[in-house]
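[1] structural data only, the sequence is not supplied:
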């Protein structure tokens, strides 16, 4: 069924673009963004004669905050960074050996935490598209985007997307991202699918605006638990250069994360002509997820079990409604007051009893959380101020306060400051978890996590700087109580002391002639009584590359090297049974260079990518790991393309 869908979508796309020649786009900056632009502006008035091609800035992509970018078919080093399964820059993330598996987090700022309790199983959500990841579109002619990339051994990954405006005020888009990769190791197949369907609509008088989407996603991974004897990998002598000769912990384990989501965000302005008007907003989100871990034979590494075959399944239903009433003004800014209602049911189909037949671990968690709050936005001479607060009116004692300011001095200089104080409930798998493995059953009553976060960002023509300082209290984490990598008894814990985290990230691209050197350096420091948050002190990425035209300027080429490095530290390990990373203090990882060589080319709207990944692996030593028992990727040549069609 999945392959049939892709074939139908591709056939429709190619049939569409075959009718006319594709549009030649002008060269635009990779980071050109129009913040809070009017995405509802009709585009008919900007089309002149019948045969005139629409300007590129009419092909708009925007999010729920109305931050807008344009379709960009240029080739840049940023496109190289984003040419991956997630289709975004993964600086600060270290991928596992097979495409479509999890990522180890090097940059702690990439760990996001909401106020409401989330499902958990965070290691399985990197390729799961959340509400904030879904984009909406406005295009004068149909637009298609095709992404293709080879993988490890057999398989491929394809992301096919099509959007069309049936009317100037009505847009539809459909997309499917599919992956299958066998991988190099035993029991390591990855398979995933991300289906998205969106629509956007506004009335001709722009009083009513609607954005809605459906997302159906499944992420499946064979889980091998890592290599048992890593010394065989580190020596990499024959026959162990063939990675499927290395023995692994699990030969028949599989994890599956699956979810379906319906989402609606719409608003209605009461006054038809006056810009100072009362506005009503509503947001609806209904989502069902489950995480399943299956294993045909019990593994001694995870301890004793209740059954001879493992079949753990955690289910989650979530319903969210948010109603806001506000006032928009030209002189004093916009204010929205809101109430929201969040209800969830996190459950299993069994209970766990103790020796006296008392319920030790219940089968469900469910709650109803109501909150109130407000949001104020004000614009003045290039300055944007935003204040947000929310607080529960039920007895869960959660709250969130945010204050931010952005100042755009000119095209070369902009500054941003943000403060956030957050009191949030634990993720649900910290509180309740059931498994056929005896040691993986718990029911806890943890305190709320507290977080104070300061962020400063400066973008200048000399240097881009991002400084973060975070104070954490009652921090939740997973730990292996056996302190032995060969035996896993991982459980959740709450840290009673304060953790202070500081990061400074600086980036700058230096250009000379047709050469460029793009630099990004991240420094991190954690002040804590015990080693709970473990991060590398230095994470760095440098790219040296050449850009130029060829074949009488019919092709634009970029070629060069990307160098990644992070300092040695006690890197978190991965437990596939619970779909989470946990802290460990037995093995340090890091201090190995990762060098890629790439040749990328652009012909009209097609970007072609060819990369020799980690080509230095054979001569810098086999000491590279994504987690203590999980080797990083060996040398591999991969290629693919991104292709846009405009009718």
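    Great, that's in hand. Predicted model only: the values in this text are computed from it and were never measured. Numbers count the residues shown, from 1 in each chain.
[2] which secondary structure element contains residue 618?
    helix 617-620 (DSSP states H and E).
[3] tell me the buried residues in that helix?
    residue 617 (16 or more other Cβ atoms under 10 Å). (Each C-beta comes from the backbone N, C-alpha and C, glycine too.)
[4] for stretch 345-356, same thing?
    346-348, 352.
[5] low-confidence ranges in the stretch 51-200 of the chain?
    Along the stretch 51-200 of the chain, the parts satisfying pLDDT under 70 run over 51.
[6] show the average pLDDT along the helix holding residue 618.
    Per-residue pLDDT over helix 617-620 has a mean of 90.
[7] can you name the residues in contact with the next helix or strand after it?
    Sequence order places strand 625-627 as the next helix or strand after helix 617-620, per DSSP H and E. Strand 625-627 is contacted from outside by 94-97, 104, 226, 230, 571-574, 581, 589, 631-632, using Cβ atoms under 8 Å, 6 or more residues apart in numbering.
[8] equivalent analysis for stretch 542-556, please.
    Contacts for stretch 542-556 (Cβ under 8 Å, 6+ apart): 75, 77, 80, 514-520, 557-563, 598, 601-603.
[9] now, which of the residues you listed lie within helices?
    77, 80 (DSSP state H).
[10] now, of the contacts of stretch 542-556, which are buried?
    75, 77, 80, 516, 518-520, 557-558, 560, 562, 598, 601-602.
[11] could the residues you listed be laid out in CSV, adding distance to residue 65?
    Converted to CSV, these look like this (distance: Cβ to Cβ, whole Å):
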residue, distance to residue 65
75, 28
77, 26
80, 27
516, 31
518, 28
519, 30
520, 25
557, 36
558, 31
560, 34
562, 31
598, 33
601, 34
602, 30
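[12] nearest to residue 151, of the residues you listed?
    Closest approach to residue 151 among the buried ones among the contacts of stretch 542-556 (Cβ to Cβ): residue 598, at 16.9 Å.
[13] check the gap between residue 457 and residue 539 for me.
    Counting by Cβ to Cβ, to the nearest Å, the separation of residue 457 from residue 539 is 18 Å.
[14] so which of those two has more stuff around it?
    Using other Cβ atoms under 10 Å as the criterion, residue 457 and residue 539 rank with residue 539 on top: 23 against 16.
[15] test my guess that that one contacts residue 569.
    No: between residue 539 and residue 569 there is no contact under Cβ atoms under 8 Å: 10.3 Å.
[16] how about stretch 490-508: buried residues?
    For stretch 490-508, by 16+ other Cβ under 10 Å, it's 490-493, 495, 499, 501, 503, 505, 507.
[17] kindly check the end-to-end length of that stretch for me.
    41 Å (Cα to Cα, to the nearest Å).
[18] quick one: average confidence on that stretch?
    97.
[19] so who does the most centrally placed residue in the chain touch?
    When Cα atoms, centre = their mean is applied to the chain, the residue found nearest the centroid is residue 126 (5.0 Å). Contact analysis of residue 126 by Cβ under 8 Å, 6+ apart lists 86, 93, 102-103.
[20] ok, now with 6 Å
    Counting by Cβ atoms under 6 Å, 6 or more residues apart in numbering, residue 126 makes contact with residue 103.
[21] quick one, phi/psi of residue 199?
    With angles defined as degrees, to the nearest 10, residue 199 sits at phi -150, psi 150.
[22] isn't it right next to residue 210, touching?
    No: under the criterion of Cβ atoms under 6 Å, residue 199 is not in contact with residue 210, lying 7.4 Å apart.
[23] against which helices or strands is the helix or strand harbouring residue 389 packed?
    Assigned by DSSP H and E, residue 389 belongs to strand 383-392. If contacts are counted by 3 or more Cβ pairs under 6 Å, 6 or more residues apart in numbering; DSSP states H and E, strand 383-392 sits against strand 364-380, strand 399-408.
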